[in-house]
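1. got a sequence here, can you build the structure:
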Amino acid sequence: MIDQPGFLPLSTKEKDKLGIQQFDIILVTGDAYVDHPSFGTALIGRVLWDAGFTVGIIAQPNWTSTVDFAMLGKPRLFFGISSGNVDSMVNNFTPNLKRRSDDVYSPAGIPRRPDRATIVYTNKVHELFPDTPIVIGGIEASLRRFAHYDYWQDRVRQSILADTPADLLVFGMGERQVSEIAGRLATGEHIESVRDIRGTAFTMELAQWRNQRPEGIIELPGFAEVAQDKAAYARAFAIHYNEQDPVLGRAIAQPHPKTLVIQNPPVQPLSTQELDHIYDLPFSRRAHPSYTQLIPALETVQFSITSHRGCFGGCSFCTLAHHQGRIIQSRSSASIIREVTQMTKMPEFKGIVQDVGGPTANMYCLSCDLWKKFGACRDKRCSPSCKTLKTSHQHQIALLNKLRDIPGVKKVFISSGIRYDLALADDSGYLELLCNHHVSGHLKVAPEHVVKKVTDTMNKPECKIFDQFCEYFETLQHGKKKRQYLLPYFMSGHPGCSINDMVELAVYIHDHQLYTEQVQDFTPTPMSVSTCMYYTGLNPFTLEPVHVPKGQEKKIQRAMMQYRDSHNRVLVIEGLNAAGRTDLIGNGPQFLIQSSDRRILRDAKKYDKTKK
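-> Numbers count the residues shown, from 1 in each chain. Next up, the predicted model:
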């Protein structure tokens with residue numbers, strides 16, 4: 001076994017220097033190679049190397065030819081292919097479907113990945129090495145494992161397994177799955193017999209399914225049906241959504257025109273010891289030395305810490321339930337302290353720990369007694385009101401106190417956002433601790449909206465809880481030399497939200513003098529509940545109709561949240577007229593739009609012309 005290198009090899013020169021004749025596994029990624037645990041390819045590569053396998057990386061290959069895909073040769077076991085840390089379509093396009101001019105995962109931010117990168121890369125590899133197994137994974141593959149609505153083509157697409165020659169798909173966090181795949185292939189097992197690993201999906205011939213259908217597999221409505229019938233799509237979504245629990249979830253199959261896609265039950269959560277071992281691996285926390293330009297994504301996370309995985313919030317627009325799951329998996333404080341201590345030895349470290357958190361920072365070490373036996377409840381969202389959910393922040397408080405005492409550490413920030421309803425439910429002094437030591441200037445929270453029927457559709461707490469949190473936060477600002485501010489995230493264009501609802505949100509923002517630069521226009525991404533609503537116009541769990549803003553209405557909703565911006569004036573006026581709220585146009589600070597401003601007359605005329 002070769003010891004872990006400083007960086008995983010990107011070239012034949014590095015391969016030769018390590019004395020490797022043939023890689024066991026080659027990973028292909030749409031990101032630049034950054035040896036940091038928040039970059040999926042680096043994480044999987046280190047885990048495989050730790051398991052005794054040599055790993056080479058092909059980062060951001062030129063997909064217009066086969067040269068880059070062939071440069072490391074043929075792996076002994078398999079190719080592992082990912083689009084990178086993000087879905088390539090989300091990465092390449094704005095919510096308004098305009099192509100982005102930059103990519104933070106590329107050197108100097110210059111875009112280098114193709115649209116639908118996993119499909120493109122897989123086809124190129126298969127063209128060169130048709131007999132070598134291919135395993136696809138990462139967020140793009142994970143969330144496209146069934147027939148899914150594709151926002152960029154405005155249609156239902158097949159499972160990514162039906163669109164690629166991949167042998168296996170790894171969904172969710174993939175350390176355990178890829179290690180088992182590699183181990184079984186190394187013993188001589190054929191890839192076609194590796195069909196029983198949790199957290200993987202594969203294809204089967206339709207004839208075989210009809211003749212030898214395995215027991216215990218739930219069959220979804222097929223691609224042909226869900227592509228034509230929106231109610232069938234919603235039913236199929238609800239079925240597979242409810243089977244994503246690692247404890248009680250069952251295998252699922254979905255017929256496609258030329259194949260059948262089967263998903264095994266989700267992988268079991270990693271233990272604290274397993275997580276500790278992974279994050280104790282020797283990550284350099286730097287970009288590969290072959291890069292001469294900065295990689296923007298590294299700058300924001302280089303000195304950040306992942307304390308846990310999973311989120312039980314269940315927000316409708318989020319896909320974490322399908323990827324990391326709802327069961328919280330936390331590292332030990334000892335492991336996190338070791339990681340921070342190692343960071344302090346890096347010459348680039350200036351004493352600032354940028355973040356300690358996960359999908360939701362204050363879910364660290366929170367748990368439920370029912371998770372181990374029954375998994376997360378299907379029929380309700382985990383919330384502070386649940387008597388079996390342990391909501392004490394004592395573990396995180398103790399961790400943060402220890403991190404501040406590490407020699408060389410000046411500040412430890414929480415920048416990944418907190419769940420404000422959880423903070424309110426705990427009287428241990430958690431929020432006071434954050435405000436005293438762990439908030440630089442702004443604390444991120446995500447109320448998303450203020451109208452109850454919209455927050456209900458989003459599966460978010462209602463506005464009165466956010467108001468209570470704001471009041472509590474304000475009391476903690478008394479006596480501070482430097483005032484701190486809440487940075488609330490709001491969303492426009494979400495299913496269930498009307499123009500009238502957005503006007504109400506704009507009034508709330510105005511009356512509470514909130515800062516609204518951080519505005520998110522809802523983007524339908526594969527496998528979220530909200531995306532299912534957006535496409536079908538139905539709540540998948542009740543099949544009740546849901547209003548879906550599209551086209552001009554979606555543009556108006558987006559503009560309404562930033563009514564102060566003069567560029568949005570015409571759209572805001574149109575929205576106020578449509579909502580019958582011209583009372584919000586007037587002369588004085590209490591109005592959204594100032595009628596004394598000469599521009600209002602010009603913009604009103606523009607509005608009249610567009611309506612005619």
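
2. domains of this structure?
-> Domain segmentation of the chain under automatic domain parsing yields 12-203, 303-421.

3. adding mean pLDDT, mean neighbour count and distance to P495, write those domains out as a markdown table.
-> Any C-beta I mention is one placed from the backbone N, CA and C, and that applies to glycine too. Below are those laid out as a markdown table (pLDDT from 0 to 100; neighbours: other C-beta atoms under 10 Å; distance: least, C-beta to C-beta, whole Å):
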| stretch | mean pLDDT | mean neighbour count | distance to P495 |
| --- | --- | --- | --- |
| domain 12-203 | 97 | 20 | 12 |
| domain 303-421 | 92 | 19 | 8 |
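
4. looking at those, which is nearest to D229?
-> Nearest to D229, of all the domains of the chain, is domain 12-203, at 10.1 Å by C-beta to C-beta.

5. how long is that closest one from one end to the other?
-> Terminal residues of domain 12-203 lie 34 Å apart, using C-alpha to C-alpha, to the nearest Å.

6. before we move on, back to that, now the domains of the chain as TSV including distance to R558?
-> Shown next, in TSV, are the domains of the chain (distance: least, C-beta to C-beta, whole Å):
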stretch	distance to R558
domain 12-203	8
domain 303-421	15
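
7. mind checking which of those is nearest G537?
-> domain 12-203 (11.7 Å).

8. ok, back up a step: ok, which of the domains of the chain comes nearest L576?
-> L576 lies closest, by C-beta to C-beta, to one member of the domains of the chain: domain 12-203, at 21.8 Å.

9. chain center to the closest one, what's the gap?
-> In this view, domain 12-203 has its centroid 17 Å away from the chain centroid, taken as C-alpha atoms, centre = their mean, to the nearest Å.

10. the stretch 351-500 of the chain: strands as residue ranges?
-> 352-353, 355-357, 367-368, 389-390, 411-412, 442-448, 485-492 (DSSP state E, counting those that start in this stretch).

11. and for A578, the neighbour number?
-> For A578, the tally of surrounding residues (other C-beta atoms under 10 Å) stands at 15.

12. who touches it in this structure?
-> Contact partners of A578, counting by C-beta atoms under 8 Å, 6 or more residues apart in numbering, are 499, 556.

13. need phi/psi at it.
-> The phi/psi pair for A578 (degrees, to the nearest 10) reads phi -60, psi -30.

14. any idea how far H323 is from it?
-> 37 Å (C-beta to C-beta, to the nearest Å).

15. returning to what we had before: now the strands of the stretch 351-500 of the chain in TSV, with distance to L431?
-> Compiled in TSV, these are given as follows (distance: least, C-beta to C-beta, whole Å):
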stretch	distance to L431
strand 352-353	19
strand 355-357	15
strand 367-368	21
strand 389-390	18
strand 411-412	16
strand 442-448	9
strand 485-492	11
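
16. nearest to Q158, of these?
-> Smallest distance to Q158 across these (C-beta to C-beta): 29.2 Å, for strand 485-492.

17. please determine how far H442 is located from D565.
-> Plainly put, H442 is 20 Å away from D565 if you go by C-beta to C-beta.

18. kindly report the same for T164.
-> T164 is 42 Å from D565, by C-beta to C-beta.

19. returning to that earlier point: which of the domains of the chain sits closest to D521?
-> Closest approach to D521 among the domains of the chain (C-beta to C-beta): domain 12-203, 4.2 Å.

20. ok, now which ones touch N123?
-> Residues near N123 by C-beta under 8 Å, 6+ apart: 164-165.

21. doesn't it belong to a strand?
-> No - counting by DSSP: H, G, I helix; E, B strand; the rest coil, N123 is not part of a strand but helix.

22. gap between the two ends of stretch 574-586?
-> End-to-end distance of stretch 574-586: 15 Å, with C-alpha to C-alpha as the criterion.

23. for that stretch, buried residues please.
-> Within stretch 574-586, the residues that count as buried by 16 or more other C-beta atoms under 10 Å are 574-577, 579, 581, 584-585.

24. show me those that map onto strands.
-> Among the buried residues of stretch 574-586, the ones falling in strands (DSSP state E) are I585.

25. closest one of the buried residues of stretch 574-586 to L8?
-> Taking the buried residues of stretch 574-586 together and measuring to L8 by C-beta to C-beta, the closest member is G575, at 51.4 Å.

26. now do the contacts for N459.
-> Contacts for N459 (C-beta under 8 Å, 6+ apart) come out as 313-316, 381, 529.

27. pLDDT score assigned to it?
-> Per-residue pLDDT puts N459 at 93.
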